[in-house]
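A.B. asks: sharing a model that was predicted from the sequence below.
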Amino acid sequence: MKYVLVLSVFLTGCVTMGKPFDYANVSKLKTGKTTQAEVKFIFGEPYRRGLDDGDLTWTYLDYYYGLFGPRETRDLTVRFNADGTVKSYSYQTSDPEEKIK
């Protein structure tokens, strides 16, 4: 696997991880109100699922590393209450031009 990654960098000049998600809609997340079904409708299937202190979490990643260009990363982690509504979320980006609302 490691060799495939190295070879892909040399052949294509870039590496991607995760999948694009509609980060412009992060402001639509409302704690205690937005449901898991709504999160899935807005952002699609999460890249990975897990637990954080017993709470279900979904993580969305969109990473692009260019050998000769800019590096762009976006992370969205959504933590759910037991009733399936958003308990909390965090969003990070490496894009200094992106306006975070």
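C.D. replies: Arrived safely. Not measured: the values here are computed from a predicted model.
A.B. asks: just so I have it, where are all the helices in this protein?
C.D. replies: Applying DSSP state H to the chain gives helices spanning 2-12, 36-43.
A.B. asks: and the ones you listed, which one is worst for confidence?
C.D. replies: Among the helices of the chain, helix 2-12 carries the lowest mean pLDDT, a mean of 51.
A.B. asks: tell me the contacts of the nearest residue to residue 44 once chain neighbours are set aside?
C.D. replies: Spatial nearest neighbour of residue 44, excluding adjacent residues (CB to CB, 6 or more residues apart in numbering): residue 21 at 6.2 Å. All C-beta spots, glycine's among them, are computed from the backbone N, C-alpha and C. Contact analysis of residue 21 by CB atoms under 8 Å, 6 or more residues apart in numbering lists 43, 44, 60, 62, 74, 76.
A.B. asks: residue 82 versus the residue nearest the centre of the chain, what's the distance?
C.D. replies: The C-alpha lying nearest the average C-alpha coordinate of the chain belongs to residue 60 (CA atoms, centre = their mean; 2.3 Å). Distance, residue 60 to residue 82, by CB to CB, to the nearest Å: 22 Å.
A.B. asks: now swap in residue 61 and tell me
C.D. replies: Residue 61 is 25 Å from residue 82, by CB to CB.
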